[in-house]
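**Student:** Let's see this in three dimensions:
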Amino acid sequence: MTDPSNNQPILIAFPKGRLGDELLTRLEGTPLALDETALSSRVLRIPTATPHVQVLLLKGTDLPRYVAAGVASLGIVGSDTLDEVDVDLLELADLKFGACRLSLCGAEGLTLDALRHKPHLRLATKFLKATSAWLKREGLTAELVPLQSSVELAPILGLADAIVDLVQTGGTLKAHGLVEISILGTTSSRLVAARGAYLADPERLRPLANELIQLLSR
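**Tutor:** Okay, the predicted model is just below:
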């Protein structure tokens, strides 16, 4: 998969959190499984079972910038994150796993029609670009309240009328007394590459990218 004569390691950026947990599980027992000892330590670069291939674990929102800057040659990130950042990346494949719905959610009984008639609609979300694009498609105007975490609390505490957030099972919504009102779109994991690195070193990166696609698209 890699040229052992080239001692410069290939760095792959993996996301932390829900998507990263699923990714690591899928790679267990494969040539790209992460070294367990290094994974439980504070080292920045985590070796894999393949020589000269190492992994950086990054926050999803930061990951595209590390790859675009060439710090990591390849990366795996949610399409929802890609839609929110303005960086130059090669998107190599839709890996399909980690699929979620990006949904408008609110208190049980609240409808989209009721939100349309609010004189000053407020939506809390960290997906500002995707929400703005949906509002434009729907012919709606709303004040967007940017939140990075605990967005489910916004309608409960009166910060917003509804939220736009990722929904996988719906368990978190149910725990907060919220339901899906409308689905804006779907998201999944994507394999991306640093444009310069991928075009400059295809002999090393393309086989590795193909290996990731094969392992993660199963």
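**Student:** Show the average pLDDT along stretch 97-116.
**Tutor:** Mean per-residue pLDDT for stretch 97-116: 96.
**Student:** got the domain boundaries for the protein?
**Tutor:** Domain assignment for the chain, taken from automatic domain parsing, gives 10-98+188-216, 100-187.
**Student:** start to end distance for the first one?
**Tutor:** According to CA to CA, to the nearest Å, domain 10-98+188-216 extends 18 Å from its N-terminal end residue to its C-terminal end residue.
**Student:** Switch the domains of the chain over to JSON lines; also include mean neighbour count.
**Tutor:** Bear in mind the C-beta positions are built from the backbone N, C-alpha and C, glycine included. JSON lines is the format used below for the domains of the chain (neighbours: other CB atoms under 10 Å):
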{"stretch": "domain 10-98+188-216", "mean neighbour count": "18"}
{"stretch": "domain 100-187", "mean neighbour count": "16"}
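**Student:** now the strands: where do they sit in this protein?
**Tutor:** With DSSP state E applied, the chain shows strands at 10-15, 46-47, 53-58, 74-78, 90-94, 100-107, 122-125, 143-146, 162-167, 178-187, 189-193, listed in chain order.
**Student:** Including distance to E28, could those strands go into JSON lines?
**Tutor:** Formatted as JSON lines, those follow (distance: least, CB to CB, whole Å):
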{"stretch": "strand 10-15", "distance to E28": "13"}
{"stretch": "strand 46-47", "distance to E28": "14"}
{"stretch": "strand 53-58", "distance to E28": "13"}
{"stretch": "strand 74-78", "distance to E28": "15"}
{"stretch": "strand 90-94", "distance to E28": "21"}
{"stretch": "strand 100-107", "distance to E28": "22"}
{"stretch": "strand 122-125", "distance to E28": "33"}
{"stretch": "strand 143-146", "distance to E28": "36"}
{"stretch": "strand 162-167", "distance to E28": "24"}
{"stretch": "strand 178-187", "distance to E28": "24"}
{"stretch": "strand 189-193", "distance to E28": "16"}
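**Student:** wait, which of those is closest to P64?
**Tutor:** Ranking these by their distance to P64 (criterion: CB to CB) puts strand 74-78 first, at 5.9 Å.
**Student:** Remind me what the closest one packs against, helices and strands.
**Tutor:** With contacts taken as 3 or more CB pairs under 8 Å, 6 or more residues apart in numbering; DSSP states H and E, strand 74-78 sits against strand 10-15, helix 18-27, helix 63-68, strand 189-193, helix 202-216.
**Student:** rerun that using 10 Å as the cut-off
**Tutor:** If contacts are counted by 3 or more CB pairs under 10 Å, 6 or more residues apart in numbering; DSSP states H and E, strand 74-78 sits against strand 10-15, helix 18-27, strand 53-58, helix 63-68, strand 90-94, strand 189-193, helix 202-216.
**Student:** Distance from the third one to the middle of the chain?
**Tutor:** I take that to be strand 53-58. Shown here is strand 53-58, whose average C-alpha point lies 16 Å from the average C-alpha point of the whole chain (CA atoms, centre = their mean, to the nearest Å).
**Student:** pLDDT averaged over it - what is it?
**Tutor:** Within the predicted structure, the mean pLDDT of strand 53-58 is 97.
**Student:** now swap in the longest one and tell me
**Tutor:** On average, the pLDDT along helix 202-216 is 95.
**Student:** List the contacts of the spatially most central residue of the chain.
**Tutor:** For the chain, the residue sitting closest to the mean C-alpha position, by CA atoms, centre = their mean, is G78 at 2.4 Å. Neighbour list for G78: 15, 17-19, 60-61, 63, 84, 98-100, 166, 187-190 [criterion: CB atoms under 10 Å, 6 or more residues apart in numbering].
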